[in-house]
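In: Sequence first, predicted coordinates after that:
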Amino acid sequence: MLAGRFVKSLKEIHRSGALIFDELYALGIKSLPVIIVISIFIGAVAAWQAAYQFKFMGAPLRLLGHAVGKAVVIELAPVLSAIAFAGRVGSGITAELGTMKVTEQIDALQSMAIDPIRYLVMPRVLACLFMVPFLVVFANFIAIMGALLVSTFGVNLATETFLNGFRDSFKMADFVNGLIKAGVFGLIIGLVGCQEGFETEGGAAGVGSATTNSVVISTVLILVFNFIFAVLLFRI
Amino acid sequence: MSQILFEIQNLGKSFNGLRVLDSVQLQIKKGESIVIIGQSGGGKSVLLKHLIMLMEPDEGKVIFDGIDTSELRSSDKAELRKRMGMLFQSAALFDSMTVAQNVGLSLKESRKFSRDHINQIVNEKLEMVGLSDAGDKFPAELSGGMRKRVGLARAIAANPEVLLYDEPTTGLDPITGDLINELIVELTEKLKVTSVAVTHDMSSAYKIADRIMMLYDGKIHFEGSPEEIRQTDNAVVRQFISGSSHGPIQVG
């Protein structure tokens, strides 16, 4: 299994510093714009829908910051950022490694006595592991800003009322759990992306189907693991 | 007697139930230049990848310099691969790197050389293949022949004892193909390496081989010097070297 070989390759981490930094930038920092854009709309739609449901139930709007804050920090930011990351980065990893596989570039690395797991997999998986939580920190902040804009200008709720509600509901444990979840999602995206890339066969068509598989498998696993986290962390 | 460098014993390999190599036996002596000929899809590249341990045999053994490679851990295989260099069919250059970075990669990753020393070796190897000015180019900017020459420079960068060539002239025009053949002969003599090439290009085989082996039906069907293969009345070999679709070799 690739996961086992990845763990084994970590003992050579000192040889891959530059490669890891390259991937942190290419996979993580370059994903920031898309995460910012989707986060604004995640927060905005969460605030709008919550206000609509409050109106329907007759619940007081002063709880809007409370409800939206919880939803964003616990679920929306980690899960939707991870799914967006799987679409942008997981697919890119699979397409790149899959192309390298079918054009014998991975064989060429091995022929030069370079371990492809250390050289290709380890930097990418570590970058995913660290950059998804990093992006989720931004996603949380930007989504709350999006929600604040909607609550202020769309729902006409005082900014201070929204922020007070958010502050009252905010728990550091929720935020940290969200980041831990994000790390697990990052690990899934990196490992699935690399595994599918390494198993690519059959030229351009093979690269295409491996890329699709990578995104589908990562997305399903993210949602399954998210449910497992919910059951473990939030006892009913 | 010359030292045997490679010994293959009863090598068998199948893919999805299709038997590609069937009890292959062969020996390659140190310093020899061997060419393995055969039909496309006949298992030549698979055989070559067993020599450099990129594939595991289903059955049999590949012995390199007295060491049974099937018994080795991956780190030990990597150590043995440092003694080999390989030119891939499509050159397999790393698209995201310049020519110089491609050639110098194995040296950089070995962590034995300073940056200046690597640059010096890279320039020397690129000069040997006639591409002194191409160091800053990317693979996408190169012609097919140039890509093969860069692949060759990369294969010889770490001064291997063995050079493996997978279809070195495939996809090239005859003149560029001949240039690659001459380079292979020149490098084999200059670097005193053992060469193993697989090809279906007979002009290439005649030019670079001390000994030619024909792989047919998963086995080494014929073995001899270029002269012996020219003179043979073996029907399979005759059909192959004449390029005829009529004969014992079934096409399609």
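Out: Yep, that arrived.
In: Name the residues of the stretch 151-252 of chain B found near chain A, please.
Out: B:154, B:158 (Cβ under 8 Å from any Cβ of the partner chain). From N, CA and C alone the C-beta is placed, and that goes for glycine too.
In: Helices of the stretch 151-252 of chain B, start to end?
Out: B:174-191, B:202-208, B:226-231, B:235-242 (DSSP state H, counting those that start in this stretch).
In: how far is the shortest one from where the chain is centred?
Out: On the basis of Cα atoms, centre = their mean, to the nearest Å, the separation between the geometric centre of helix B:226-231 and that of its chain is 21 Å.
In: distance of the spatially most central residue of chain A from chain B?
Out: The structure's chain A has its C-alpha centroid closest to residue A:82; by Cα atoms, centre = their mean the separation is 2.1 Å. For residue A:82, the distance to chain B equals 26 Å [Cβ to the nearest Cβ, to the nearest Å].
In: what packs against whichever strand or helix holds that residue?
Out: If you go by DSSP states H and E, residue A:82 is part of helix A:77-85. The helices and strands touching helix A:77-85, judged by 3 or more Cβ pairs under 8 Å, 6 or more residues apart in numbering or on different chains; DSSP states H and E, are helix A:32-57, helix A:122-149, helix A:172-198, helix A:203-233.
In: Just the angle for that helix relative to helix A:172-198, thanks.
Out: 20 degrees (axes from the mean of the first three to the mean of the last three Cα atoms, to 10 degrees).
In: which one of the helices of the stretch 151-252 of chain B is the most hemmed in?
Out: helix B:202-208 (a mean of 20; mean count of other Cβ atoms under 10 Å in any protein chain shown).
In: Packing partners of that helix?
Out: strand B:33-37, helix B:174-191, strand B:194-199, helix B:226-231.
In: mind running it again at 6 Å?
Out: Helices and strands touching helix B:202-208, by 3 or more Cβ pairs under 6 Å, 6 or more residues apart in numbering or on different chains; DSSP states H and E, are strand B:33-37, helix B:174-191.
In: Direction included, what does the first one pair against?
Out: Read that as strand B:33-37. Next to strand B:33-37 in the sheet, as set by DSSP bridges, lie strand B:194-199 (parallel), strand B:211-216 (parallel).
In: Could you pull up the mean pLDDT of the first one?
Out: Strand B:194-199 comes out with an average pLDDT of 95.
In: from the chain's centre, how far out does it sit?
Out: For strand B:194-199, the distance to the chain centre is 4 Å (Cα atoms, centre = their mean).
In: repeat for stretch A:89-98
Out: Counting by Cα atoms, centre = their mean, stretch A:89-98 is centred 15 Å from the centre of its parent chain.
In: List the contacts of residue B:73.
Out: Applying Cβ atoms under 6 Å, 6 or more residues apart in numbering or on different chains to residue B:73 gives no contacts.
In: Show me which residues of chain A are close to chain B?
Out: Residues of chain A lying close to chain B (Cβ under 6 Å from any Cβ of the partner chain) are A:104-105, A:107-108, A:110-114.
In: The same query, at a cut-off of 10 Å, please.
Out: A:5, A:8, A:15, A:96, A:99-100, A:102-115, A:117-119 (Cβ under 10 Å from any Cβ of the partner chain).
In: Tell me the buried residues within the residues you listed.
Out: Buried residues within those, counting neighbours by 16 or more other Cβ atoms under 10 Å in any protein chain shown: A:5, A:96, A:99-100, A:102-115, A:117-119.
In: wait, doesn't residue B:117 sit right on residue B:110?
Out: No - proximity of residue B:117 to residue B:110 does not meet the contact threshold set by Cβ atoms under 10 Å, at 11.2 Å.
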